[in-house]
Every structure is written in C-alpha cells, then in structure tokens.
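1. here's a sequence, model it:
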Amino acid sequence: MGFPGVWMTESQSVVYRVVPKCACSTIGQIMYYSDNGDYFDGDIHDATAGMHKWALDDSKPLITDAVKAGETYAFTCVRNPYTRILSSFFDKICGIQRNGRRYRGNMVPMLIQKYGIDVGGEDGTEDFDQIKSFRRFLLFARDTIRFRRPMDPDIHWSATSGHVSTFIQNGGRYNKIFWTESFNDGMQDVLDHIEVPNAIKLKDVPRFNESEGHGPKRAHPVEEYFDDLSMHLMYEIYKRDFKLFKYDFENPANKMPIGEIDLDEVHAKLGD
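-> Okay, here's the model as predicted:
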C-alpha cells in the first residue's frame, strides 16, 4: 500500500501526512517555501515539482526510504470533526469548484434526488435552509462511511483517524500531531525540529484556503447545525477522532481540544 497522501520536502527535511480539510494547503505551501524560497503559484495540490508526493512515481522510493529509516521528522495536522464536516459540506457539496463545475460530477444531483438536500441553486448563491440541508448531508456521509452506499466515502469527510492510520500501519511513526485550531503553535514546533533552508515567519504566511469562496458562507453558529440526532450520527462516524485527538464531543460550540494528544496512544490504536 505504501504511503498514500504523504508529502515530503525535496531536501527531505520533513514528511507530512495530508489530511483533507485540515490546513493541508497552507502546510504544503510552507513546505514548498522552506525549500524553494517562494510559494507555489496556484493550488499546492496541483504542484508536480518542487516537492515530493506519493502520487508522483519518482517520489515513491524516496518517501518510502525516508519513512522506513525513521530519521526524517514526520507530522500531521487534525481538526475538530464538527467544523471539518461543516467545511466539507459548504465547500464540496454547496460550492462550485475551481473548474467551474460541481464536485464529483453527478454526486450533488444524486444527493438532491435521494436525500432531498438543497445547495442554493445552480451556482450556490440562492438562500436555502442550511441546517436542514446539512443534516441530510450528514445522513449521506454516515451511509457512505458505515455502509459504503450509495458510494464509497470521500476523502473530505472520511474520518481523520483513517487518514492518519495508513502512515502508521505501513511502518511510519509520527513525531508530532497538532491541531488546526492552534495552527501557528503546532507548525512552529515542527519548524523548530527541522532544517529550514529558507526561514519562515508563520505570522507572515498567507492562509492558502483553497476552498474559501467556493460555496455559501455558514449562516449560523456551529452548534446550531447539530441537534441530538446529528450528534448521535457524528459519534457513530467520528468516535475515534473525538477520542484520539481530544475534541469535545459533548459541546459542538467548543472547537478547541480538551486534552493533549498522546502519540503513544495514537500509534497503538491506529497501528492495528
């Protein structure tokens, strides 16, 4: 299986396991800048040079050797499940993508037909009941994850722990897992542990939020999207994410973690 979703600087200073909707665009740009002295012009996910990626054939053996040797600093970044799935909904379901089309072609029309969701019209600009529509999307997300129907789960709403686990199960070990919610502190700790050819001041780094502007803005506080049933579905889908990464399941209004991530626990529970 190798190391899907893994990026590495060309200088091999650091290895990063990408987790969608967890500041991956900003992290990738920081890695790119650290080697090249400037940011990639465009979406870092489209870069095919200036950084090693598992998706690039020439990068695979280099990433494999670095991870197996265990000498390259390895990290990833996680996010509160409540805000992560809301972000996925507004970006991927309600939003028009960079190519001017809906995400994954006929998926949104299928959701409209089978689950009765609303996405704000053809271009996502019309008013609609965001809470009602999101809760129906959440039912769909649960169906994809638990039953793989009516399709396999998408990387943007499949569990964070699932993404994180592939790196461990194939022989990698994380030196650091930090939270999107305290991004600068976590990313600075990573930078402090590696050689950075081009110095970076995190307070000056733009936020490369590639999904910003794709869809309608969230009209309500996070907690208003989650009633008792929605929270039950969230626990069914993301129980391991809440527990391992120390997020507050009981209070959707609290996006901040309520404990410290135990790396030994993460490796033990995700390494099976």
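2. quick one, what contacts the residue nearest to the spatial centre of the chain?
-> Note on the chain: the residue nearest the mean C-alpha position is residue 20, at 2.4 Å, using CA atoms, centre = their mean. Applying CB atoms under 8 Å, 6 or more residues apart in numbering, we find residue 20 in contact with 88, 155-156, 163. In short, each C-beta sits where N, CA and C put it, glycine included.
3. need the strands for this structure, in chain order.
-> 6-9, 14-17, 51-53, 73-78, 176-179 (DSSP state E).
4. low-confidence stretches in the protein?
-> The chain contains residues with pLDDT under 70 at 124, 210-214.
5. one more time with 90, if that's ok
-> The model of the chain has pLDDT under 90 over residues 1-2, 95-103, 105-106, 120-127, 206-217, 272.
6. follow-up on the earlier one: the strands of the chain into JSON lines, with extra columns for mean neighbour count and distance to residue 121?
-> As requested, those are exported to JSON lines (neighbours: other CB atoms under 10 Å; distance: least, CB to CB, whole Å):
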{"stretch": "strand 6-9", "mean neighbour count": "25", "distance to residue 121": "36"}
{"stretch": "strand 14-17", "mean neighbour count": "25", "distance to residue 121": "37"}
{"stretch": "strand 51-53", "mean neighbour count": "22", "distance to residue 121": "36"}
{"stretch": "strand 73-78", "mean neighbour count": "23", "distance to residue 121": "34"}
{"stretch": "strand 176-179", "mean neighbour count": "20", "distance to residue 121": "35"}
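7. could you dump these into a markdown table with distance to residue 28 added?
-> Formatted as a markdown table, these follow (distance: least, CB to CB, whole Å):
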| stretch | distance to residue 28 |
| --- | --- |
| strand 6-9 | 6 |
| strand 14-17 | 8 |
| strand 51-53 | 7 |
| strand 73-78 | 11 |
| strand 176-179 | 15 |
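8. which one of these lies nearest to residue 35?
-> strand 6-9 (4.9 Å; CB to CB).
9. keeping just the C-alphas, turn the closest one into PDB.
-> Extracted in PDB, the C-alpha atoms of strand 6-9 (Å, rounded to 0.1, in the frame of the first residue of the first chain):
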ATOM      1  CA  VAL A   6       2.300  11.700   2.100                       C
ATOM      2  CA  TRP A   7       4.300  14.700   1.000                       C
ATOM      3  CA  MET A   8       8.000  15.400   1.700                       C
ATOM      4  CA  THR A   9      10.300  18.400   1.100                       C
END
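10. quick one: contacts of it?
-> 14-18, 28, 31-32, 34-35, 51-54, 59, 62-63, 66-67, 72, 167, 172.
11. apply 7 Å and report the result again.
-> With contacts defined as CB atoms under 7 Å, 6 or more residues apart in numbering, strand 6-9 is touched by 14-18, 28, 31, 34-35, 51-54, 62-63, 66, 167.
12. equivalent analysis for stretch 162-174, please.
-> For stretch 162-174, the external contacting residues (CB under 7 Å, 6+ apart) are 1-6, 17, 19, 67-68, 70, 74-76, 263, 267, 270-271.
13. do that again at 8 Å, thanks
-> Residues contacting stretch 162-174 (CB under 8 Å, 6+ apart): 1-6, 15, 17-20, 67-68, 70, 74-76, 78, 155, 177, 263, 266-267, 270-272.
14. list the buried residues in that stretch.
-> By neighbour count with 16 or more other CB atoms under 10 Å, stretch 162-174 contains the buried residues 163-168, 170, 172, 174.
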